[in-house]
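> Sharing a model prediction with you, sequence too.
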Amino acid sequence: MTNKPYESMSEFQMALRTFSRNRVALFCVLVLFLLYMGAIFADFLSPYRYDNEDRRYSYCPPTQIHFFDDGAPSWPFVYGIDLEYNEYHKRIYTEDRSKKYPVKLLMKGDEYRLLGFIPIKTHLWGVEAPGRVYLIGADSRGRDLWSRILYGSRVSLSIGLIGVFISFTIGLLVGGISGYYGGRVDNILMRIAEMVMMVPGFYLLLALRAAVPPDFNSVQVYFAIIIILSFIGWAGLARIIRGMCLSLREREFVMAAKSIGLSDFKIIVRHILPHTLSYSIFAVMLSIPGYILGESALSLIGLGIQDPFASWGNMLSDAMSIVKIKFYPWILVPGFFIFITVISFNVVGDALRDALDPMLKSEGQG
Amino acid sequence: MALDKTLKFVRSNGMFLYVMKRLLISIPMLLAIALLTFILMQMTPGDYLDTMRMNPQMSEETIEYYQKLYQLDQPVWKQFGAWLINMCKLEFGYSFHYNVPVTKIIGGRLFNTFILSLASFLLTWAVAIPLGIWAALNRNKFSDRFIQFMSYVGLSMPSFFLAMIFLYFASQTGVLPLGGMYGPNHEDLNWFQKIWDVMRHMAIPAVALSVGSIAGLQRIMRGNMLEVLGQKYILTAKAKGLPQNRIVYHHALRNAVNPMITLLGYEFSGLLSGAALIEIICSWPGLGALMLTAVRSKDIYLVMASMMMGGFLFLIGNLLADIALAKVDPRIRYD
Amino acid sequence: MKNLLKIRDLTVCVEHQDNKKIVNQVTFDVKDAGIVGLVGGSGSGKTTTGYAILGLLDPALSVTSGQIEYKGQDLLKASDSEIRKVRGGEIGMIFQEPLNAFNPVFSIGYQIDEMLQYHTDLGKNQREARILELLDLVGLPDPKRLIKNYPHQLSGGMRQRAMIAQAIAPNPDLIIADEPTSNLDVTHQARIIELFQKIRTELKLSILLITHDLGMVGHLCDEVAVMCKGNIVEFGTAEEIVSDPQHQYTKDLMGALKL
C-alpha cells in the first residue's frame, strides 16, 4: 500500500479524531491552554507586578477573601493585615477588621506594557492600596506569589517551547540525514547522538552552565539556558526521526521522487520530513517537560533565572530551607504548577502517541 | 599453535567475543566524553592557574608542579594528552574551593552518591517489577487502573518537588530526619546503629528519587508482560498442561524482563544524574552536591572530574547491562 | 474400535453475542489410533473447534452448548486442575508456527524436559535418555547437540519435528495438530506427513489434523470433516471425500486442489 502525502494527511486526521475522543487528554489540552493564556496575559491577570515588594508583609500567609460580611452576602473583600511579633520573634499576621478593602475589577495597578510597548495600568482584579491581597501568600520580600507564578509561567513555559523547537529542528535535520543516507553517515551521527545522551544530563547541564561567562545579564542567561537544554535534548529526537526515516526511504514515493531527479536534500526536506512531522509531534510533546524541569532545576539552585525575575524554579529555591517549608508551606505552590504542566504535557503526548499508534506501526513496517 | 587455540576459544565462546566488542566500543566513547569535557574546560575564561596564583597559601612549587603536570605552556593538543594521561593515573587536578587535590574529596562523595543511587535502584526494581506483573495480570480491573493513575502522577511529579513535600511532612511529624547523612551522635553509635542511622537519612531522598523510576518501570513491565502473555508460546505452555504460576513467573516473566535488562544501565546513569538535585535539597553529601559547589565556585578541575566520573559510571552501567542481556537472551549472543 | 474423543453439538459463540456462532453444532468422533482431518478455509471454525477441546479458547469466545467426551469425561465440564492434567499428558497440541510456539529463551531440550517433569515420574537421567530417544524418533540429527540449541537456531522443519517430539513426550493418546505444515515448504511437508504416519503406527496415538490443505488430508487421514462457516458440511472417509465430494463447498475445495 503506497502512502502518498495526501493519504497520510487523512490518516493524521483519523488520529486527531481518535485523540479528540479521549476526554482526559482534551481536559489536559484545556489546562495547557489556560496555562499559556495565563502566561501571555500575566500582567493583566495578576494584581501586582512580579517585583512589587512590601517587606512589611514578608511571608504573609494567603489573605482570605470574604464573601460574607457579618453573615450577609456581600461583594468579595479583604481585611487589612496586621503584623505582630510573638515571643519567639516570629511574625504573626492577623486580620485587621477595621479596614475593609473590596476586590475591584479592572482596576488600575502597577504599570506594564501591553504587547511590549503600550503602557497600561489596567489589571483584571485587585484591591486598592494600602490593602494587599495575597491570593496564595507572599514570599520573603512580600511579593505576591500568585502574580509571580503568573509571570514565572512565562519563563518556564516559553523555555519549553523554544527549547524544544530548536532541538526538534536540529533533531529533524540530523535524524533525517542519518536515516536517509544510512551506512557510515548514519553510524557517525548516531554515535555522536549516543554520546550526548550518554553523559548524565544534570552534570552536563551544570558543566555547560559553568562555561557561560559570569557577566551575562538575565536575558542572555535565559537564552544560554535554552541553548544548553537544546544541546542536551536534540539527540533523543534525532534518534526517533532517524528510525522513521530509515523505514520511510524504502517507500515507493521516495523511489518515485528519486526517479524524477530530485536532489537528496529536496527529497529529505520535502517528502520524508513532512511524514515524520506528524508522527513526531508526540515525541515533541513528551520532551517539553524535560526542558521545563531542566530550567526549574537550574533556577532552583541559583544557576538559572535570577531574582527579581520570576520562574517557577527560582521561586522554589526558597523552599530549599526546611524551616521555611514548615512555617510557610505556600511557597511550595509553584511546584504544583510545574507538576500540573508536566502531567498535562505527558497526558497529551501519550494520548497523541496512542492515537498515532496504528500509523506508527504501519510506517515502521516500510 | 597458541594463536590457533586463542582463535578457537574466541570463536567458540560467543559471550567473550560479545563482551570484547562492547568494551572496544566503549573506549572511544570515553575518549569522546573526555574530549568534550576538555573543550568545555578550554571555553571557560581564564587560565585555571590564575585562581591558584591568587591564593596566598599556594606555594610557588605547587603552582609550578601543576603547570608541568598539565603542560599548560604547551599547545592545546598536548594539554589534552597530559590531562588524559593524568586521568588514567587517577590524578584529577586541584580543587581551588576545597584547597585539596580533587582525588581527596571525590572518592568519599562518589561513594555517598553511589549508595544513594543503589538504594533507589534496588527500591525501584523491587517495587516496580511485582507491581507491573500484578497490573498486567489484573488488566483493566480497578487495581490496574489505580496503579496506572498513580504511575502517571509519579512520572510527572518532579522528583525534587516530591523531596520538598516529603521534607514538609517530615518536618510536621518528626518521623524522619530532615537532611544530611548522619545524625548528630553518629560517631557514638555501634556499627549496626550507624547503618540504621544512614538508612533513616537516606529514606526521603531515596524514595523521592525512586517514585518516578518506579512509575516508568512499572509501565514498561506491565506492557512487556501483556505483550508476552499474548505470545504463542504462552499458549503452548498452557497446552502443555503447566500450572498457571509456572507459566506466568517462569515462561512469561523471563521474556518480559529481557528487554528491560538494558534499562539497568540507563537507569543507573539516570539515577546518578537525578540524584544530584535531590542530594542538594536533602543535604546529602554526594557527587551531585559536590558538582554544584564546584560549578558555583568555578572550580574547574572538580567540575571536569565529576563529569568524567559520571560518564565513566554510565559506561560501566551500560556494559554490565549489555553483558546481563547477553546472558539472559541467547539470541543476542549468537548473532 | 473405540471412540477416543466424542464431540457432540459443540457450539462456540462470541461472548454475549449468541447469534455470532463461530462453531455451530459440530459433531464428530476421533477413533483410537485414528487420524481425523478437520478441513476448511479461514473462518470455518476448525481451529476454534480444536482449541475448544483443551479449553484454550480466546477469552472473547465461549462455549454455549455441547459436550466433548474424552475417555468418559466431559472436558467442557472439567475443573481447572482436571483440564490441566489432560493438557499435554493425555492430549497434546502442535501449533502452526513453531518459532513462535517455542519459548525463545529456553533450549529445546529444556522445554521438552519440562513436559516430562510435569507429566511423568522419571528421574533426571531417565528424562535425558527419553529426550534423546524422542529426538531420534522424530528424525532429528545429532540429538545430543540439539538439546542445547535454542529454537531460533533450528530450521523450520527441524523446529516442527522438535515440537512434535515435545508433544509426544508424555505419551498422550491424542495429538491435535493445528496447521502443522502451513509454514513449511513442500519437501518438509512430506516428511512431516511421514512422521505423523510413523507416530500413529508406532505409538498408537490418534491425531486430529486441522488444516486447509485437502491434499495433505488425502495422504494422511482416515476420516475427514469438512467445515464451512462453523458447520460440518460433509463427513466421511478420506477416499470418499477426495474421490466423490458431495457438498458444493467440498467440491470447490477439491477443484482448487486440482488446479
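It's in. Residues are numbered from 1 along each chain as shown, chains lettered A, B, ... in the order given.
> okay, CA-based contacts and neighbour counts for the rest of this
Fine.
> For the residue located most distally from the centre of chain C, what is the enclosing helix or strand?
Each residue of chain C has a distance to the centre, and by CA atoms, centre = their mean the biggest one is for C:N125: 29.2 Å. Taking DSSP states H and E as the criterion, C:N125 maps to helix C:124-137.
> ok, and what's touching the very next helix or strand once past that helix?
With elements assigned by DSSP H and E, the helix or strand that comes after helix C:124-137 is helix C:143-146. Residues from elsewhere that reach helix C:143-146 (CA atoms under 8 Å, 6 or more residues apart in numbering or on different chains): C:I108, C:G109, C:L132, C:L135, C:D136.
> Tell me the spacing between the third one and C:F196.
Using CA to CA, to the nearest Å, one gets 19 Å for the distance from C:L132 to C:F196.
> quick one: buried residues of the helix holding C:N125?
Neighbour-count burial for helix C:124-137, counted by 16 or more other CA atoms under 10 Å in any protein chain shown, picks out C:R127, C:E128, C:R130, C:I131, C:L132, C:L134, C:L135, C:L137.
> and it, anywhere near chain B?
No - counting by CA under 8 Å from any CA of the partner chain, chain B is not contacted by helix C:124-137; separation bottoms out at 15.8 Å.
> Please tell me how far that helix is from the chain's geometric centre.
Here helix C:124-137 is found 22 Å from its chain centre; the criterion is CA atoms, centre = their mean, to the nearest Å.
> near chain B, which residues of chain C show up?
Residues of chain C lying near chain B (CA under 8 Å from any CA): C:54, C:56, C:83-89, C:92-93, C:95, C:100-105, C:115, C:118, C:150, C:152, C:167.
> Is it possible to get CSV of the contacts of helix C:143-146 that adds pLDDT and distance to chain A?
Compiled in CSV, the contacts of helix C:143-146 are given as follows (pLDDT from 0 to 100; distance: CA to the nearest CA, whole Å):
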residue, pLDDT, distance to chain A
C:I108, 91, 30
C:G109, 91, 34
C:L132, 91, 41
C:L135, 91, 37
C:D136, 90, 40
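> Got the domain ranges for chain A?
Following automatic domain parsing, one finds the domains of chain A at A:58-140, A:148-363.
> hang on, the earlier thing: list the contacts of the helix holding C:N125.
The contact list for helix C:124-137 (CA under 8 Å, 6+ apart) reads C:G109, C:I112, C:D113, C:L116, C:Q117, C:P141, C:P143, C:K144, C:A162, C:A165, C:A169.
> what's the burial count for the first one?
Read it as C:G109. Neighbour count of C:G109, defined by other CA atoms under 10 Å in any protein chain shown: 23.
> Find the nearest non-adjacent residue to it, please.
C:I147 (4.0 Å; CA to CA, 6 or more residues apart in numbering or on different chains).
> where does chain C have low pLDDT?
Applying pLDDT under 70 to chain C flags residues C:1, C:257-259.
> what kind of secondary structure is the closest residue to C:Q67 other than its chain neighbours in?
What sits nearest to C:Q67 in space, not counting adjacent residues and going by CA to CA, 6+ apart, is C:R8, at 5.2 Å. Secondary structure, DSSP: H, G, I helix; E, B strand; the rest coil: C:R8 is strand.
> That concludes my questions; thank you for your assistance.
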